[in-house]
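1. compute the structure for the input listed below.
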Amino acid sequence: MVNKIWGYFIIIGIVFALLTGNAIKINETILKSTTTSLELLLQIFPVIALWLGIANIATMSGLLEKLARKLTKVLGPFFPEIPKDHISLSYIASNIIANLFGLGNAATPFGLKAMSSLQEINKDKKKASRSMITFTTINTSGVTIVPTTIIALRILYGSTDPTKTVLSTLIATSLATIAGLIFDYLFARRHHE
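-> Below you'll find the model as predicted:
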């Protein structure tokens with residue numbers, strides 16, 4: 001759906017530029033944006049690779065699994081439909097931990113595995129279960145301690161203090177997660193009444 005929306009924006013922009021006689025600007029923008037994108041990729045890649053490497057080391061050393069096991073005890077009350085030792089809780093915990101460290105790319109496989117395992121225990125395969133909705137809420141709001149992408153972008157653009165946004169990011173994502181869980185609880189409670 002989002003791809004279609006962006007596609008429409010691009011088509012509308014090109015048609016508008018052609019109708020207003022700005023076709024040359026389209027070429028300039030396309031050429032300039034490819035150069036900027038490549039520069040951004042080359043400068044941001046090392047920071048992301050570093051954090052993905054750290055996440056990989058944490059996974060291979062078993063640290064991620066230990067943290068996930070501890071987190072599954074906390075997650076139990078948020079996911080009452082999931083049996084106590086079900087693998088989906090471990091996937092959810094791993095996803096949350098990866099998001100905590102700003103590793104969205106590393107979190108995605110865990111999120112997909114979590115949804116897949118949640119679908120296996122879902123009674124109505126055509127509707128999202130309560131646990132699926134709660135997980136989507138937590139994953140979308142994503143509490144982040146180390147916003148690696150933001151830090152990398154700030155380094156890229158010459159920030160003198162690239163980690164200055166860490167506290168504000170933590171506060172914003174924490175509040176978003178708390179608000180999301182409150183609304184999730186209220187809607188779930190209302191639905192079951």
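2. what packs against the helix or strand hosting Ser116?
-> Using DSSP states H and E, the element containing Ser116 is helix 104-120. The elements that helix 104-120 packs onto, with contact taken as 3 or more Cβ pairs under 8 Å, 6 or more residues apart in numbering; DSSP states H and E, are helix 23-61, helix 87-100, helix 130-141. Heads up, the C-betas are built off the backbone N, CA and C, glycines and all.
3. okay, the angle between the second one and helix 104-120?
-> Interaxial angle, helix 87-100 versus helix 104-120 (axes from the mean of the first three to the mean of the last three Cα atoms, to 10 degrees): 160 degrees.
4. and helix 87-100, what's buried?
-> Counting neighbours by 16 or more other Cβ atoms under 10 Å, one finds that the buried residues in helix 87-100 are 88-100.
5. what pLDDT, on average, does stretch 84-97 get?
-> Here the mean pLDDT over stretch 84-97 is 82, rounded to a whole number.
6. pLDDT of the host helix or strand of Phe16, averaged?
-> Taking DSSP H and E as the criterion, Phe16 maps to helix 2-19. The average pLDDT for helix 2-19 rounds to 86.
7. and stretch 125-132, by the same measure?
-> Per-residue pLDDT values across stretch 125-132 average out to 87.
8. now the end-to-end length of that stretch.
-> Using Cα to Cα, to the nearest Å, the end-to-end distance of stretch 125-132 comes out at 11 Å.
9. so how far is Lys25 from Gly158?
-> 27 Å (Cβ to Cβ, to the nearest Å).
10. which of those two has more neighbours?
-> Here Gly158 and Lys25 are set side by side on neighbour count (other Cβ atoms under 10 Å), and the busier one is Lys25, at 12 against 7.
11. how about the contacts made by that one?
-> For Lys25, the contact set (Cβ atoms under 8 Å, 6 or more residues apart in numbering) comprises Ala17.
12. brilliant, that's me finished.
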